[in-house]
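> Predicted model and sequence below, questions to follow.
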Amino acid sequence: MFATFRNAWKVTELRSKILFTLLILFIYRLGAQIPVPYISAAALESFTAQTEGSIFAYMNILSGGAFGQATLFALSVSPYITAQIIIQLLTVAIPALERMSKDGEEGRRKITAITRYATVVLSLITAYGYMQYMNYYGWLTEGVNWFGKLVIVLCYCAGSSVIMWLAEKINDHGIGNGISMILFANIISRGPALVGQVIAMVFPTMNLASFKWTGLILAIVSVAITLAIVVLVVWFTESERRIPIQYAKRVVGRKMYGGQSSNLPIKLNMTGVMPVIFASSIVSIPATIASFFPDSNFWKSVTSVFNYDGWLYLVLYLVLIVLFAYFYVMISFNPVEVANNIQKNGGSIPGIRSGRPTVQYIKKILNRITLIGAIFLCFIAGFPMLINIITSTMGTTFAGLAFGGNSLLIVVGVALETHRDLEAQVALRSYGGSKAKGIFG
C-alpha cells in the first residue's frame with residue numbers, strides 16, 4: 001500500500017489530486033471547529049456527557065466530534081447521505097426519475113441537482129430538530145429570541161451545504177469518494193479520544209493507583225477484537241468469486257482470434273461500506289425526530305427504545321444493512337448488461353447457454369455473494385454492538401466499542417478503495433507512458 005502511494009506521489013497529476021483532497025479535508029476539519037452564534041460555550045461542557053449513552057454518540061463519532069461541540073459542521077454528511085438514499089429509492093419507484101437517470105450526462109446532472117435540493121430541505125429539518133434539542137437542555141445563550149434560533153438553523157443548513165459541495169469537489173478533482181473520505185477523516189480525528197476511553201478502562205481516574213485488572217482485560221480484548229476486525233475486513237474485501245468465461249475462436253482473414261479462457265471477477269463485498277453508512281443514517285431518524293419534541297413522553301420512550309444498547313436498534317440496524325446491500329448491488333450491477341457484453345464478445349460461461357440462462361446464472365451467483373457480503377457486514381457492525389449490549393446489562397457502557405466495528409469498517413474500507421483507485425490510475429499512466437515512449441522513442 002505504501003509503495004502505491006509513493007508511486008502515485010511521483011506522478012504530477014496524481015500528486016495534485018492527493019494534495020487537493022488533503023486540502024479539502026483540511027478545510028473541512030477547520031469548519032468542524034468554527035462555533036455557531038447563540039450557543040453557550042459553558043453549557044457545551046456537558047454536551048458530550050449528555051449525548052453519551054444515546055444514538056447521538058454515534059453521530060458525534062461520524063461528525064468527528066463536531067456534533068458534540070455544536071460547531072458549524074455538526075450535521076456532517078448525514079443529510080447528504082439521506083438525500084441520496086431517498087433519491088435513489090425514488091429513482092427505482094418513479095418511472096420519470098428512472099428515465100432521467102438513464103438519460104446520459106444530462107440526466108445525471110438533473111438527478112444531482114434534485115439531490116442537492118433534497119439535501120438542503122433535510123438539512124433545514126435536521127437543523128431545526130438539533131436546535132430544539134439544544135434549547136431544551138439549555139445549551140443556547142440565555143434569552144435567545146426567534147432571530148437567534150433562525151440564525152442557528154441557517155448556520156447548520158449552510159454548513160451541511162458546504163459539506164456537500166466539498167464532497168462533490170473531491171469526487172470531481174480529488175482521490176476517492178467524497179463522502180467516504182470525509183467520514184474517514186472524521187473517524188480518524190476521533191482516534192485519540194477513543195484511545196483515551198480505552199486507557200480510562202484501565203485507569204478510571206487517570207491515576208496509577210486506580211489501576212483495574214478487569215479494565216485491563218477489557219482493554220486487551222478490545223484491542224484484540226480491533227486487530228481481528230481489521231485483518232478480517234482486509235481479507236474479505238480482497239476476496240472474489242470468479243465466473244469462468246470461454247471465448248470462441250474466430251477466423252478473420254488469415255488470422256485466428258479468440259479461443260481464450262478468462263473469468264468474470266465478482267467481489268464478495270461488492271457494496272463496500274455504503275450499506276453500513278445508509279443503515280446508520282436511516283436508523284438514526286427516530287432519535288432525530290424525537291429531538292423535535294423534547295417534552296413528549298412518547299418520543300422520549302421512542303428514543304430509549306432506539307438507543308444503541310437496545311435489542312430493537314441492533315435488529316433493525318442489521319436488517320437495514322441486508323436490505324441496503326441488495327439494493328446497492330441492484331443499482332450498481334446489471335446482470336443483463338454483463339451477459340450481453342459477454343455474448344457480443346463471443347464469450348460464454350461453460351455449461352450455460354447464452355441469453356437468458358446466462359443472466360439467470362449470474363443473478364443466482366450475485367444473490368449468493370450479496371447475502372454472504374451482507375452477513376459479513378452484519379457481523380462486523382453488529383458483533384461489537386452485541387458485546388456492548390451484554391456489558392451494558394452489567395452496568396458498563398462503552399460507546400466506542402459499540403460503534404468500533406462500524407468505524408473500523410469505514411476506515412479500512414475507504415483505505416482499501418483509495419488504494420485500489422490509486423493503483424489503477426498509476427498502472428494506467430505507467431502503461432500510457434511506456435506506450436508513448438515506444439512510439440516516439
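Okay, I see it. Numbers count the residues shown, from 1 in each chain.
> Test my guess that residue 184 contacts residue 417.
No - taking contacts as C-beta atoms under 8 Å, residue 184 lies outside contact range of residue 417: 9.7 Å. Every C-beta, even on glycine, is put in place using the N, C-alpha and C of the backbone.
> More neighbours: these two, which one.
residue 184 (23 against 19; other C-beta atoms under 10 Å).
> Which helix or strand contains that one?
Assessed by DSSP states H and E, residue 184 sits inside helix 178-189.
> Buried residues, that helix. List them.
Along helix 178-189, these residues count as buried under the neighbour rule (16 or more other C-beta atoms under 10 Å): 178, 179, 180, 181, 182, 183, 184, 185, 186, 187, 189.
> and that helix, what does it pack onto?
Judged by 3 or more C-beta pairs under 8 Å, 6 or more residues apart in numbering; DSSP states H and E, helix 178-189 is in contact with helix 12-31, helix 55-62, helix 146-173, helix 404-440.
> now the strands: where do they sit in the protein?
240-247, 249-252, 255-258, 261-267, 347-348 (DSSP state E).
> Residue 328: neighbouring residues, count only.
20.
> Not counting residues beside it along the chain, what's closest to it?
residue 271 (4.5 Å; C-beta to C-beta, 6 or more residues apart in numbering).
> which residues does that neighbour contact?
324, 325, 328, 329, 332, 370, 373, 374, 377 (C-beta atoms under 8 Å, 6 or more residues apart in numbering).
> before we move on, back to that, looking at the buried residues of helix 178-189, which is nearest residue 145?
Comparing the buried residues of helix 178-189 against residue 145 with C-beta to C-beta places residue 186 closest, at 32.9 Å.
> hang on, the closest one packs against residue 63?
Yes - between residue 186 and residue 63 a contact is recorded at 5.9 Å, counting by C-beta under 8 Å.
> So what touches the helix holding residue 184?
By C-beta under 8 Å, 6+ apart, helix 178-189 touches 21, 24-25, 28-29, 32, 61-66, 76-77, 80-81, 163, 166-171, 174-175, 273, 277, 407, 410-411, 413-415, 417-418.
> ok, now which ones touch residue 380?
Residues 229, 232, 233, 405, 406, 408, 409 are the ones in contact with residue 380 under the rule C-beta under 8 Å, 6+ apart.
> And it, how far from residue 81?
19 Å (C-beta to C-beta, to the nearest Å).
> who's in contact with stretch 24-42?
If you take C-beta under 8 Å, 6+ apart as the criterion, stretch 24-42 is touched by 63-66, 69-74, 134, 138-142, 144, 148-149, 151-152, 155-156, 159, 162-163, 166, 169-170, 174, 178, 181-182, 185-186, 189.
> actually stretch 94-102, sorry about that
Contacts of stretch 94-102 (C-beta under 8 Å, 6+ apart): 87, 90, 91, 92, 107, 108, 110, 111, 114.
> For that stretch, list every residue counted as buried.
97, 100, 101.
> Please enumerate the helices of the stretch 251-400 of the chain.
274-283, 285-290, 297-305, 311-332, 335-344, 356-392, 399-402 (DSSP state H, counting those that start in this stretch).
> Of all those, which one comes closest to residue 219?
Short answer: helix 399-402, nearest of those by C-beta to C-beta, at 10.2 Å.
> tell me the average confidence for the closest one?
Mean pLDDT, computed over helix 399-402, is 49.
> Same question for stretch 267-277.
81.
> which among the buried residues of stretch 94-102 gets closest to residue 194?
Taking C-beta to C-beta as the measure, residue 194 lies nearest residue 101 of the buried residues of stretch 94-102, at 39.2 Å.
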